[in-house]
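*Asks:* Pasting the sequence and the predicted coordinates here, then a few questions.
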Amino acid sequence: MTSLTLALDAMGGDHGPHVTVPAALRALKLHPSLNIILVGDKAQIDIHLQSAEAALLSRLEILHTTEVVKMCDRPVHALRSRKNSSMRLAIELVRDDKAQACVSAGNTGALMAMAKVLLKTLPGIDRPALVTCLPTVTRKPVYLLDLGANISCDSETLFQFAVMGSVLCEAVEKTSRPKVALLNIGIEEIKGNDQVQQAGQLLQHTDRLNYTGFIEGDEIYSGNVDVIVCDGFVGNITLKTSEGIAKLLVDRLKQGLTQGFFVRFLAKIIAPRIQAVLSQMNPDHYNGASLIGLRGIVVKSHGNADATAYLQAISLAVTEAQRRLPEMIKDRLESILLDINS
């Protein structure tokens, strides 16, 4: 692949360099043409580089800063007062074309505010949205947005999310006319709040999108649709609840496989299949949400991600940079919005 540079907010998240630096080293080993700029406190970062291979260190750079966006910082405060923070400097590297994407596990609200101001949104988009793909029973992914960047949304914003989600799915999955649905408390037209109902009416009158109507929470993983749209409040709770259930099921399965000789004997036979199921259910294997609608690539990792999960977020950023995702979305978005507004 062509040489690629990522900027990592090394201090972001619950664990900072303890997770971000080992993940960066693993990413460099996994992607031979990748270069990484670690933004953060050099003294703390260097601790985790002492035993790193020289070949990997040659593709790694440190941009020193001691300022960090705290998880409790309000977005406006972070935007105005954390101008030398590791998060902001990482985004500025993307803005200044010194990196093709950035990854952060830090404060979601601050990341969204900084990215929107520094990178700007695509034409026709008012707010960026956090989106991730989740596994389904049909093994094709479903894209869910927004995951927490916008706690409350009006109908027009939900409509824009639907357009972006559809374009993203079409561009990445090569799906013709992806099926788009609004997450709601029922499938009947009378269900839901005013924003969701009004967004549904807007989507019903748009031939350029394959809108299928409302979808309930128990259908998220059915594979019946390709894109599911909701506001960030609902999306974040949905994602975190799903991850909690997945961890519960994985834990219960592991407990069951250690009880009794006969069960252990069967476990050896079906171990590969069980491992595949556990891998699909493990949230660490699909960590990383893209902040789409921006003119640059920003990937948000879970704040409590371990090195394996953070590596998934880095790999997502690599994939999106290779595909030049903002350009792909911009081209399709312009044609759809032009047709809608004409």
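*Replies:* Thanks, I have it.
*Asks:* Work out the gap between the strand or helix carrying residue 170 and the centre of the chain.
*Replies:* Residue 170 belongs to helix 155-173 when assigned by DSSP states H and E. Centre-to-centre, helix 155-173 and its host chain are 14 Å apart (Cα atoms, centre = their mean, to the nearest Å).
*Asks:* Pull that helix out as PDB, backbone CA atoms only.
*Replies:* Taking C-alpha atoms only, helix 155-173 is exported to PDB below (Å, rounded to 0.1, in the frame of the first residue of the first chain):
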ATOM      1  CA  SER A 155     -35.700  15.600  11.900                       C
ATOM      2  CA  GLU A 156     -33.500  17.300   9.300                       C
ATOM      3  CA  THR A 157     -30.300  16.100  11.100                       C
ATOM      4  CA  LEU A 158     -31.700  12.500  11.300                       C
ATOM      5  CA  PHE A 159     -32.400  12.800   7.600                       C
ATOM      6  CA  GLN A 160     -28.800  13.900   6.900                       C
ATOM      7  CA  PHE A 161     -27.600  10.900   9.000                       C
ATOM      8  CA  ALA A 162     -29.700   8.600   6.800                       C
ATOM      9  CA  VAL A 163     -28.100  10.000   3.700                       C
ATOM     10  CA  MET A 164     -24.600   9.700   5.100                       C
ATOM     11  CA  GLY A 165     -25.200   6.200   6.300                       C
ATOM     12  CA  SER A 166     -26.600   5.100   3.000                       C
ATOM     13  CA  VAL A 167     -23.700   6.600   1.100                       C
ATOM     14  CA  LEU A 168     -21.200   5.100   3.500                       C
ATOM     15  CA  CYS A 169     -22.700   1.600   3.200                       C
ATOM     16  CA  GLU A 170     -22.900   1.800  -0.600                       C
ATOM     17  CA  ALA A 171     -19.300   3.000  -0.800                       C
ATOM     18  CA  VAL A 172     -17.700   0.500   1.600                       C
ATOM     19  CA  GLU A 173     -19.900  -2.600   1.200                       C
END
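*Asks:* And it, what does it pack against?
*Replies:* Under the contact definition 3 or more Cβ pairs under 8 Å, 6 or more residues apart in numbering; DSSP states H and E, helix 155-173 sits against strand 129-134, strand 142-145, strand 179-183, helix 194-204, strand 227-229, strand 289-292, helix 325-341. Just so you know, the C-beta spots here come from the backbone N, C-alpha and C atoms, and that holds for glycine as well.
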